[in-house]
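Visitor: here's a sequence, model it:
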Amino acid sequence: MKHGSARGRRSAIVVVFVGTYFVSYFFRSTNAVIADDLVRDVGLTAGALGLMTSLFFITFALVQLPLGSALDRFGSRWVTSVLLLAAVLGSAIFAASTTLTGLVIGRGLIGVGMAGVLMGALKAFSSWFDPRSFATVSGLLVGIGSLGALAAATPLALLNEAVGWRVVFVGAALVTLVAAAAVALVVREPEGGGFATPAAGTSLADVFRSGRFWRLAGLTFAMAGTLFAYQGLWAGPYLTQRLGLGAVETGNVLVAMALATSAGFLGAGPIANRIGLARGLGVSAVLLVASLVALLLLDPSSPRWLVVVAFAALGLGGSGNVLCFALARASFPHMPGRAVTAVNLFGIGGGALMQWGLGAVIGRYPANASGHAPPEAFTAAVVVSIAVATAALFAYAPLVRTHTKP
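Guide: Numbers count the residues shown, from 1 in each chain. From the prediction side, this is the model:
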């Protein structure tokens, strides 16, 4: 392939995957805004809401290990586009559901369908971009794509008030169908295998035998899990039930969080190129812990600007988890598909378990007549989040001394 043609193909692949990841991020974040509507329309408890929402991440995580092998063997084009069809079906089922069972099935299928988007993109980027560019282009993908959380904030709140969440999910199913077609039409493997070709005789077991992997996996679990748990669900109830904000005001705070998250994704790669992947990841984790501590200090009388800053810091700190993929690729360059999906298993698994677990913590406190949890329930949830993130950060710390270059 000629240089100009290769550059055009490379740009087209980035654009398609950015757009598709936007849709994926929209789906993972929707329930934070429509949580109260789901409770009212379907009669969900806090525990059921957390479990149902976490199904996106549970099914997403279950797909990761076979996905890595499939991507290394068959490439991103067909693996990603075929999986997206499951999300089309899931979104349609979710829109039509009147019971918890229907919502669970729909949410689970959406997770399966979106499981191949980020990993498919990273596998394609491993082939089309050299290792030094990988962290930057990965941050670009996640940074712009994560703006889907913006669509799932104030715009979704307004759209939900206008037409209802069921109509929103029908529209999302149609958009996902278009995304699947775009991936199938545009994505290709470069001639000669590009920059990353899996080495013969390697297996996923080689990744799991590495101590470096487990330190990285633990921090991925904590950082991505915390970000997904709050941005995807519990930030909404925290703002409405603990701080007393209205729906649109809550959406505005979530917009600020989404913007900060996107900025963090976009800036992570260039910063890591200057201070090192492992060090950049560590700095982000410290900010995440600090932002969680700040949440403990908020109450209904807190200035709104302070609420915005606290949640923006949470998004900014959590966004550093994108460097986990670049660090995994750098640690296992001979099997990038397996390495990044193995790490992502813990990130998505963290999102599932944190969403579910925090729901269980909140659900242990008796709700009031309106079905809202008391303030101490959310305090307990934040304390659990701090404990998980701090433990993972201490376990990860030795990697900062042994792996500082991007």
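Visitor: could you use CA atoms for every contact and neighbour count after this?
Guide: Will do.
Visitor: any regions of this structure where pLDDT drops low?
Guide: In the predicted model of the chain, residues 1-4, 131-132, 191-204, 334-337, 370, 402-406 satisfy pLDDT under 70.
Visitor: can you tell me which residue is spatially central in it?
Guide: residue 228 (5.5 Å; C-alpha atoms, centre = their mean).
Visitor: Three-state assignment for it, please.
Guide: Classification of residue 228 using DSSP: H, G, I helix; E, B strand; the rest coil returns helix.
Visitor: that one is in contact with residue 351, isn't it?
Guide: Yes. Here residue 228 reaches residue 351: they are 5.1 Å apart, a contact under C-alpha atoms under 8 Å.
Visitor: so what's residue 367 closest to, chain neighbours aside?
Guide: Nearest in space to residue 367, with sequence neighbours left out and distances taken as C-alpha to C-alpha, 6 or more residues apart in numbering, is residue 373 at 4.6 Å.
Visitor: need the contact list for that neighbour.
Guide: Counting by C-alpha atoms under 8 Å, 6 or more residues apart in numbering, residue 373 touches 241, 242, 362, 363, 365, 366, 367.
Visitor: output those residues as TSV; include the columns secondary structure, neighbour count and distance to residue 393.
Guide: As requested, the contacts of residue 373 are exported to TSV (DSSP: H, G, I helix; E, B strand; the rest coil; neighbours: other C-alpha atoms under 10 Å; distance: C-alpha to C-alpha, whole Å):
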residue	secondary structure	neighbour count	distance to residue 393
241	helix	19	30
242	helix	21	28
362	helix	24	25
363	helix	20	27
365	coil	16	29
366	coil	12	33
367	coil	15	33
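Visitor: can you add distance to residue 86 and give these back as JSON lines?
Guide: Formatted as JSON lines, the contacts of residue 373 follow (distance: C-alpha to C-alpha, whole Å):
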{"residue": "241", "distance to residue 86": "34"}
{"residue": "242", "distance to residue 86": "36"}
{"residue": "362", "distance to residue 86": "31"}
{"residue": "363", "distance to residue 86": "31"}
{"residue": "365", "distance to residue 86": "36"}
{"residue": "366", "distance to residue 86": "37"}
{"residue": "367", "distance to residue 86": "36"}
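Visitor: now, which of these sits nearest residue 190?
Guide: Residue 190 lies nearest to residue 362 out of the contacts of residue 373, by C-alpha to C-alpha, at 49.2 Å.
Visitor: not counting sequence-adjacent ones, nearest residue to that closest one?
Guide: Per C-alpha to C-alpha, 6+ apart, closest to residue 362 is residue 377, 4.8 Å.
Visitor: list the contacts for the one you found?
Guide: Counting by C-alpha under 8 Å, 6+ apart, residue 377 has contacts 361, 362, 363, 364, 365.
Visitor: what helix or strand is it located in?
Guide: Using DSSP states H and E, residue 377 sits in helix 375-396.
Visitor: buried ones in that helix?
Guide: 375, 377-382, 384-386, 388-390, 392-393, 396 (16 or more other C-alpha atoms under 10 Å).
Visitor: of those residues, just say which sits nearest to residue 276.
Guide: Closest approach between the buried residues of helix 375-396 and residue 276, by C-alpha to C-alpha: residue 396, at 14.7 Å.
Visitor: wait, the closest one sits on residue 211?
Guide: No. Between residue 396 and residue 211 there is no contact under C-alpha under 8 Å: 10.4 Å.
Visitor: ok, back up a step: mind listing residues that contact the helix or strand following the helix holding residue 377?
Guide: For helix 375-396, the succeeding helix or strand toward the C-terminus, using DSSP H and E, is helix 398-402. Identification of contacts with helix 398-402 by C-alpha under 8 Å, 6+ apart yields 212, 215, 278, 279, 282.
Visitor: what do you get if the cut-off is 10 Å, keeping everything else the same?
Guide: With C-alpha atoms under 10 Å, 6 or more residues apart in numbering as the test, helix 398-402 has contacts from 212, 213, 215, 216, 276, 277, 278, 279, 280, 281, 282.
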